[in-house]
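Enquirer: here is a sequence with its predicted model. Questions after.
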There are 2 protein chains.
Amino acid sequence: MERAFSIGLDYGTNSVRAVVVDCADGRMVGTHVFAYPSGDQGILLDAKQPHLARQNPADYIAGLRASVRGALTAAEAEPGFAREHVIGIGVDTTGSTPLPIDAHAQPLALDPRFSNNLAAQAWLWKDHTSAREAARITEIAREHNPDLLAPIGGTYSSEWWWSKIWHCLNVAPEVFDAAASWVELADFVPAVLAGASSPREIIRCICAAGHKAMYSAAWGGLPPKAFLTRLDPRLAALRDRLYDEAWPPGRPAGHLAEHWAAELGLRAGIPIAMGGFDAHYGAVGSGVTTGTLVKIIGTSTCDCAVAPTADRIADIPGICGIVDGSIMPGYFGIEAGQSAVGDLLKWWVEVVCGGGDALHASLSTEASRLAPGESGLVALDWNNGNRTILVDTRLTGLLLGQTLHTTRAEIYRALIEATAYGARAIIDRMREYGVVIDRVVCCGGIAEKNDLFMQIYADVLGQPMLIAGSLQTPALGSAVAAAVTAGSAAGGYDDWAEAQRRMTSIKSKRFEPRPDAHAVYDQLFGIYRELHDAFGGVAAERPDLASVMKRLLEIKERAVEVTA
Amino acid sequence: MERAFSIGLDYGTNSVRAVVVDCADGRMVGTHVFAYPSGDQGILLDAKQPHLARQNPADYIAGLRASVRGALTAAEAEPGFAREHVIGIGVDTTGSTPLPIDAHAQPLALDPRFSNNLAAQAWLWKDHTSAREAARITEIAREHNPDLLAPIGGTYSSEWWWSKIWHCLNVAPEVFDAAASWVELADFVPAVLAGASSPREIIRCICAAGHKAMYSAAWGGLPPKAFLTRLDPRLAALRDRLYDEAWPPGRPAGHLAEHWAAELGLRAGIPIAMGGFDAHYGAVGSGVTTGTLVKIIGTSTCDCAVAPTADRIADIPGICGIVDGSIMPGYFGIEAGQSAVGDLLKWWVEVVCGGGDALHASLSTEASRLAPGESGLVALDWNNGNRTILVDTRLTGLLLGQTLHTTRAEIYRALIEATAYGARAIIDRMREYGVVIDRVVCCGGIAEKNDLFMQIYADVLGQPMLIAGSLQTPALGSAVAAAVTAGSAAGGYDDWAEAQRRMTSIKSKRFEPRPDAHAVYDQLFGIYRELHDAFGGVAAERPDLASVMKRLLEIKERAVEVTA
């Protein structure tokens, strides 16, 4: 049988990566990374507005061309590879990253009149200029349409679609007025590849629509005009120029346009998979299925799980999103996250202790010699707020239990433990609402490199920690989506589970929970939850804070006895 | 008129200092320091018992001889000084530092049978081997004689007299049985100078007796035999071999013995002032009087105030000691303290940040550029427990409000602020119970050197911070006591206030509170108190912890606005 390959495109925060993947076994036979040339590492900043983070849409198009070309050239070293064997292209991106487009589906930023206007660029996921709009959307929705917030955790974020577009309307009405429509980056790239020439030709993914734009079949798509009118009548008018329907992965977002095919040496008309967010396709590339939680561990963390649509999972308070079909068709996609994980350790080692990689390594070594509980410390992992399950950006860090002998390595370990407790709080909440989780698969640099981190997670969660076989799970997941979208007749797959079985893998190295350590962490997690609930404002009863320090000392004393 | 000089002897933890002071103006005309030669910097340790800290009584006697000789030799450079102009000697020491003595009032440790027995040495104030005995004393007193604990803050400490003697009985009965009596170092040194030859000749100071040995005229001296029998009948039997009465400063503890006079070239028979603790005589040397709080700021902090006996100050919960005549006759001596102040900053800079003096200086400079509230942080100063007003060694540190941008200088400042809040909690408690405090005088290295620290204290307390004129206030205070004990006829004083006016001073450099800063610190202190009460177990009502982080962010945002 003829060989079949698919391309996965992963649009990250600072660069875009293209991979060429063998559909038979998921092996990457060609890869290329293109760093966005504009701004500071690809991000447009404004010294006067620290929360602003934009991107130049021209970088996306230049990156598309360069990364796919590069990956294809690299793949040509693979025996048996030929460009005509490429059966489809998948795309994942950051999000919510909306950009305004004109009547020809071209980014407004490419129009010379707007090229220097920051509001006309892409509004990167981590742009937080729209905090006021987000708070107002939450307030109005809670009063008039609480159903709109239920699937997205109960609070609308400044990182999301409507907050950003509304903020654009407020601060740059000339851009808002000039925009024929707006598009998520996850839909924009497939549309470019498919040669869409008007906003209405753009096929929108349910991943972005459902998680970020309050889209649901339950109320007929985007939020009702009456609701949008309460925000601003001009947003209600915009609704008509957006979209009526959004789609789960599986169906094509289009087919490769002639001019791209010619330029890249690919076959015209091969399917472009529905776009999706990097975390979601990362979950696909990590083998997500019923019972598996995928943790994408980086500066922050994204947790993805799926539950069969037939299970009718309820809204889960504090879980950012539960959207039918947002990860794979036939499943609810469930997304959660922690706002600072790698960033928390980076803060401690680099900002506070003033060290670099060498200090990371030495603290990790020193911390690995400590028994659970031996430091006497407990921390809250909120230095960047709490995304799940409290959904509150105005929470901050806490460290408790210090003595005059507390070391930087003990604090380093306490911060890792705090993120593990945060992870456990998320899993507990999902289980409480009926999501089955019996396997945890991790991906990202920390999962690959930091054994101490992984062992602490196994011990805190009481669950083996597995590691995804690929280092590039989002790009791999996009390639899986492309293979499924192309179908078995083209050399791909008709079934997601089958495609995942063949194309994704788990490393043989895994971290098993140690029962003794888990028992100690059960106690420490109890203390974490008391502090979490008290300072997070969700304590059901009066917490017994008077005994917290003493209980930590008792746990410490037992830990020291055991190790002595 | 003939010149008059007095000698002050200050027995510290690692060394003894003697000063020769001009009674006319308090000027030090000769000084000498003798480092104790035994053990580790003068402290006998035991690798198997980390809480053990003892001293060799031979060091005290060698130090007496060497330091006084050295100071007198140095004084001879002063025009008009002659050894026969010395009118008295005062002594202050650490405490509670009890030692067992034989029937001739000689330290048991000087007996060759016991010279290597750690239990026969002096039990240094910071020896914590008697924790179990202290807890039991507190328990029994609370049940049967709560009155005994009222003047000493409600909890008996492992650092104190009865805990240590009882522990000796339990672990080294041979020492307990061999001891004819026990004596506080503060009483031992005057007795040595006076040539006491039996325990009954030793004049005991009310400072040690009242603050550490549960002595009070209210129940006829030391605790009743019935109470001591409940601890151990042998302690009750010991009571008869201790003392019936203890005395405030003013009367002599004896007169200089012939052999000392001959050896030192002083006049025989000059008065030896009543001994006292270093902090108490430090307060005298700092000019303590009604309305003045003296803060001796070092690794930890001791706060001393006085209130006229006529004012009938009530017992103040959480204040370690309120003892009639313990600082000056006619006044209640009131003592409080913070367990870690200099040590808390040392921990941060040296243990955590891994720096030294240069980092102390640079963090201080950086922290001094921050406005109150700008860090968004609040800390509890409990890394070494809380001595006043919670009296709980099993409390630990807390830091709250961290973001991913929090710097080490911000944390350094937050820790200074935490100790200032702790200081304010002490002052508030004293005032609440009727102690007038309208002047705060500081002494110790931090007060002399760290302007940031002093300004923060002025701003937090809303009160000018004054600095004692002498660097050696305990030795000066002892010399003041000697001058008053000698009396005006000998060239000294008959009146403490007059002696203090002449012999002590305040530096012209002072730190004024800034109203804007004080207003911000009022808010931050409110948050500190909420955390203090919640984690300290004294919250009257359910604390609003859910808003703590948000209130800190609001204060931070206003601080940034003001400085911007």
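Expert: Now that the structure is in, tell me what you want to look at.
Enquirer: and the longest helix for chain A?
Expert: Longest helix in chain A by number of residues (criterion: DSSP state H): helix A:408-432.
Enquirer: which SSE is residue A:498 in?
Expert: helix A:496-503 (DSSP states H and E).
Enquirer: what comes up buried for that helix?
Expert: A:496, A:499-500, A:502-503 (16 or more other CB atoms under 10 Å in any protein chain shown). In short, each C-beta sits where N, CA and C put it, glycine included.
Enquirer: mind checking which helix or strand residue A:550 is in?
Expert: helix A:548-563.
Enquirer: give me the buried positions along that helix.
Expert: A:548-549, A:551-553, A:555-556, A:559.
Enquirer: need those in a markdown table with distance to residue A:98, can you?
Expert: Formatted as a markdown table, the buried residues of helix A:548-563 follow (distance: CB to CB, whole Å):
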| residue | distance to residue A:98 |
| --- | --- |
| A:548 | 44 |
| A:549 | 47 |
| A:551 | 47 |
| A:552 | 46 |
| A:553 | 51 |
| A:555 | 48 |
| A:556 | 49 |
| A:559 | 50 |
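Enquirer: check which helices and strands the helix holding residue A:550 sits against.
Expert: With contacts defined as 3 or more CB pairs under 8 Å, 6 or more residues apart in numbering or on different chains; DSSP states H and E, helix A:548-563 has these neighbours: strand A:397-402, helix A:515-536.
Enquirer: and it with helix B:515-536, angle?
Expert: Counting by axes from the mean of the first three to the mean of the last three CA atoms, to 10 degrees, helix A:548-563 points 60 degrees away from the direction of helix B:515-536.
Enquirer: which residues are contacting helix A:548-563?
Expert: A:371-378, A:400-401, A:516, A:520, A:523-524, A:527, A:530-531, B:382, B:394-396, B:535 (CB atoms under 8 Å, 6 or more residues apart in numbering or on different chains).
Enquirer: one more: stretch A:343-355?
Expert: A:299-300, A:340, A:356, A:359-360, A:363, A:381, A:383-384, A:408, A:411-412, A:415-416, A:418-419, B:352-354, B:402, B:404-408, B:411.
Enquirer: number of nearby residues for the closest residue to chain B within the stretch 201-350 of chain A?
Expert: Nearest residue of the stretch 201-350 of chain A to chain B, counting by CB to the nearest CB: residue A:347, 4.8 Å away. Residues contacting residue A:347 under the criterion other CB atoms under 10 Å in any protein chain shown number 22.
Enquirer: identify whichever of the helices and strands packed on helix A:548-563 lies nearest to chain B.
Expert: For the helices and strands packed on helix A:548-563, distance to chain B was read as CB to the nearest CB. The smallest value, 3.2 Å, belongs to strand A:397-402.
Enquirer: the closest one to helix B:515-536, inter-axis angle?
Expert: Strand A:397-402 runs at 60 degrees relative to helix B:515-536, counting by the same axes, to 10 degrees.
Enquirer: what comes up buried for strand A:397-402?
Expert: Buried residues in strand A:397-402 (16+ other CB under 10 Å): A:397-402.
Enquirer: of these, which ones also sit close to chain B?
Expert: With CB under 8 Å from any CB of the partner chain as the criterion, those include A:397-402 near chain B.
Enquirer: using a markdown table, lay out these together with pLDDT and distance to residue A:183.
Expert: Output for those, formatted as a markdown table (pLDDT from 0 to 100; distance: CB to CB, whole Å):
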| residue | pLDDT | distance to residue A:183 |
| --- | --- | --- |
| A:397 | 98 | 37 |
| A:398 | 98 | 40 |
| A:399 | 98 | 43 |
| A:400 | 98 | 46 |
| A:401 | 97 | 49 |
| A:402 | 97 | 50 |
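Enquirer: closest one of the residues you listed to residue A:19?
Expert: Comparing these against residue A:19 with CB to CB places residue A:397 closest, at 37.0 Å.
Enquirer: which residues touch the residue most central in space within chain A?
Expert: For chain A, the residue sitting closest to the mean C-alpha position, by CA atoms, centre = their mean, is residue A:279 at 3.7 Å. By CB under 8 Å, 6+ apart, the contact list for residue A:279 reads A:296, A:302, A:304, A:335, A:337, A:474.
Enquirer: ok, the third one - contacts?
Expert: By CB under 8 Å, 6+ apart, the contact list for residue A:304 reads A:279-280, A:282-283, A:288, A:293-294, A:296, A:327, A:333-336.
Enquirer: now these as a markdown table including secondary structure?
Expert: A markdown table is the format used below for these (DSSP: H, G, I helix; E, B strand; the rest coil):
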| residue | secondary structure |
| --- | --- |
| A:279 | helix |
| A:280 | helix |
| A:282 | helix |
| A:283 | helix |
| A:288 | coil |
| A:293 | strand |
| A:294 | strand |
| A:296 | strand |
| A:327 | coil |
| A:333 | strand |
| A:334 | strand |
| A:335 | strand |
| A:336 | strand |
